[in-house]
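Student: sharing a model that was predicted from the sequence below.
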Amino acid sequence: MAHDVFEPGIVPGRLAPQNYNEGFSDLHPPLDEHEALVAADRCYFCHDAPCMTACPTDIDIPLFIRQIATGTPDAAAKTILSQNILGGMCARVCPTETLCEEVCVREVAEGKPVLIGQLQRYATDHLQQQGKHPFERAAPTGKRVAVVGAGPAGLSCAHRLAMLGHDVEIIDARPKPGGLNEYGIAAYKTPNGFAQAEVDWLMQIGGITFRHEVAVGRDVTLEELQADYDAVFLGMGLVGVNALGAEGEDKAGVANAVDFISELRQSGDLSGVPIGRDVVVIGGGMTAVDAAVQAKLLGALNVTLVYRRGRDRMNASVFEQDLAASKGVRIVTHAVPIAVHGNGSVREIEFEYVDEAMKGTGQTLRLQADQVFKAIGQTLLGDGLPELDGRKIKVDGTGRTSLAGVWAGGDCASGGDDLTVTAVAEGRDAAMDIHTTLMGAAG
């Protein structure tokens with residue numbers, strides 16, 4: 001039986017069982033064959049397609065949509081996957097509304113783009129559901145590469161290297177592969193275990209092995225990896241969480257949004273995930289929105305997302321912001337946390353309003369809260385890493401670091417925009433440079 005929605009504190013089971021299934025169902029139900037053909041028919045198949053330029057992985061979007069329109073979705077999937085081996089996941093989580101679909105000629109002219117993301121999902125799902133893998137492994141090269149991190153960058157790098165004939169070992173601190181895709185994305189975006197199913201499908205290429213629950217710096221050093229392998233790719237993401245810098249933030253009930261999302265994603269029973277009555281999420285990115293929306297879907301009565309700048313500066317897209325609002329999330333902008341109040345556990349959180357220059361106005365806001373989630377950015381953790389650029393690993397355009405034989409990509413590397421699709425592109429491009437380097441050395 002569900003708890004009373006007005007019951008204070010952090011408790012599980014706030015909703016009736018059917019409400020969890022409804023709330024966490026697929027955010028974008030897949031297109032059927034007829035819907036896909038109708039959607040594909042809207043594409044102009046532009047020669048100099050702006051959508052291709054906007055895609056971080058350079059997918060030939062007009063070609064794959066034409067292949068769908070002509071009844072060959074498996075060929076369309078191969079076109080997509082040749083550039084983005086995690087095309088199925090990216091079709092679900094990529095902010096297409098600010099990338100390919102934003103510059104679509106139909107969007108510019110009519111305000112209604114071709115459904116590029118949903119068409120990509122249609123094609124990749126059609127192929128993967130058959131258990132088919134469109135690529136074959138090249139003859140073994142005898143070279144061994146260590147990939148640190150089983151997230152989007154690491155998986156993309158590992159697959160491309162394996163396809164080129166190298167032996168790859170992926171080393172990851174988590175018990176399951178997938179990284180952000182498995183642990184850090186809202187459950188309603190990737191239901192039904194899709195993240196693991198995609199990894200299993202990707203592994204059909206062969207030549208890839210996993211070492212789980214092994215962290216660089218704790219269980220193995222980068223120097224040891226350099227000695228044992230012909231090349232190393234670092235794609236471990238960012239695992240540290242920034243502090244609020246507010247008095248009392250160590251109180252019970254204050255948690256990291258990424259940990260909350262991870263717990264929810266790994267739960268076999270959503271009704272068992274405890275949630276507060278009054279929840280406050282601090283941050284303005286995708287993680288903040290994912291945490292806020294899922295708190296509401298778990299039965300929180302009041303959910304407020306607080307961001308230090310204006311809505312136009314939020315990393316979460318307008319679509320994501322509107323999604324949060326549609327679920328009942330209140331968004332407060334131009335406010336920074338200054339104190340967490342409560343006797344041992346959080347009861348209220350106090351904010352000060354700031355102007356555009358981030359200068360305090362002296363005006364404050366207190367929000368009742370029994371649960372606060374921090375989503376204010378993550379940091380790189382690790383010892384003995386290559387040279388840093390700010391708080392990330394410094395890399396050149398091909399992912400090379402300051403250490404010979406060591407490449408990096410994804411969230412842990414400088415220059416990216418912290419998107420899954422960008423991480424995939426960086427892993428792929430680093431793999432090609434590793435291949436060229438190793439084969440040049442072999443020659």
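Tutor: All right, it came through fine.
Student: ok, and for the longest helix belonging to the chain, which residues are buried?
Tutor: Counting residues, the longest helix found in the chain (DSSP state H) is helix 420-442. By 16 or more other Cβ atoms under 10 Å, the buried positions in helix 420-442 come out as 420-431, 433-435, 437-438. The C-beta positions use only the backbone N, C-alpha and C, and glycine is treated the same way.
Student: for that helix, what does the pLDDT average out to?
Tutor: The average pLDDT within helix 420-442 is 94.
Student: gap between it and the chain center?
Tutor: 21 Å (Cα atoms, centre = their mean, to the nearest Å).
Student: what's that helix packed up against?
Tutor: On a contact count with 3 or more Cβ pairs under 8 Å, 6 or more residues apart in numbering; DSSP states H and E, helix 420-442 meets helix 87-93, helix 152-163, helix 180-183, strand 231-234, strand 406-408.
Student: and these: which comes nearest Thr221?
Tutor: Closest approach to Thr221 among those is made by strand 231-234 (11.1 Å; Cβ to Cβ).
Student: still on that earlier bit, just the angle for the longest helix of the chain relative to helix 152-163, thanks.
Tutor: Between the axis of helix 420-442 and that of helix 152-163 there is an angle of 40 degrees, by axes from the mean of the first three to the mean of the last three Cα atoms, to 10 degrees.
Student: then helix 420-442 to PDB, C-alphas only?
Tutor: What follows is helix 420-442, C-alpha atoms only, in PDB (Å, rounded to 0.1, in the frame of the first residue of the first chain):
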ATOM      1  CA  THR A 420      27.300  10.800 -24.800                       C
ATOM      2  CA  VAL A 421      27.500  11.300 -28.600                       C
ATOM      3  CA  THR A 422      30.700  13.500 -28.200                       C
ATOM      4  CA  ALA A 423      32.300  10.800 -26.000                       C
ATOM      5  CA  VAL A 424      31.600   8.200 -28.600                       C
ATOM      6  CA  ALA A 425      33.200  10.400 -31.300                       C
ATOM      7  CA  GLU A 426      36.300  11.000 -29.200                       C
ATOM      8  CA  GLY A 427      36.700   7.300 -28.400                       C
ATOM      9  CA  ARG A 428      36.400   6.400 -32.100                       C
ATOM     10  CA  ASP A 429      38.800   9.000 -33.200                       C
ATOM     11  CA  ALA A 430      41.400   8.100 -30.600                       C
ATOM     12  CA  ALA A 431      41.100   4.400 -31.600                       C
ATOM     13  CA  MET A 432      41.900   5.300 -35.200                       C
ATOM     14  CA  ASP A 433      45.000   7.300 -34.100                       C
ATOM     15  CA  ILE A 434      46.100   4.500 -31.800                       C
ATOM     16  CA  HIS A 435      45.700   2.000 -34.700                       C
ATOM     17  CA  THR A 436      47.800   4.300 -37.000                       C
ATOM     18  CA  THR A 437      50.400   4.700 -34.400                       C
ATOM     19  CA  LEU A 438      50.700   1.000 -33.500                       C
ATOM     20  CA  MET A 439      50.700  -0.200 -37.100                       C
ATOM     21  CA  GLY A 440      53.300   2.400 -38.000                       C
ATOM     22  CA  ALA A 441      55.400   1.100 -35.200                       C
ATOM     23  CA  ALA A 442      54.800  -2.400 -36.300                       C
END
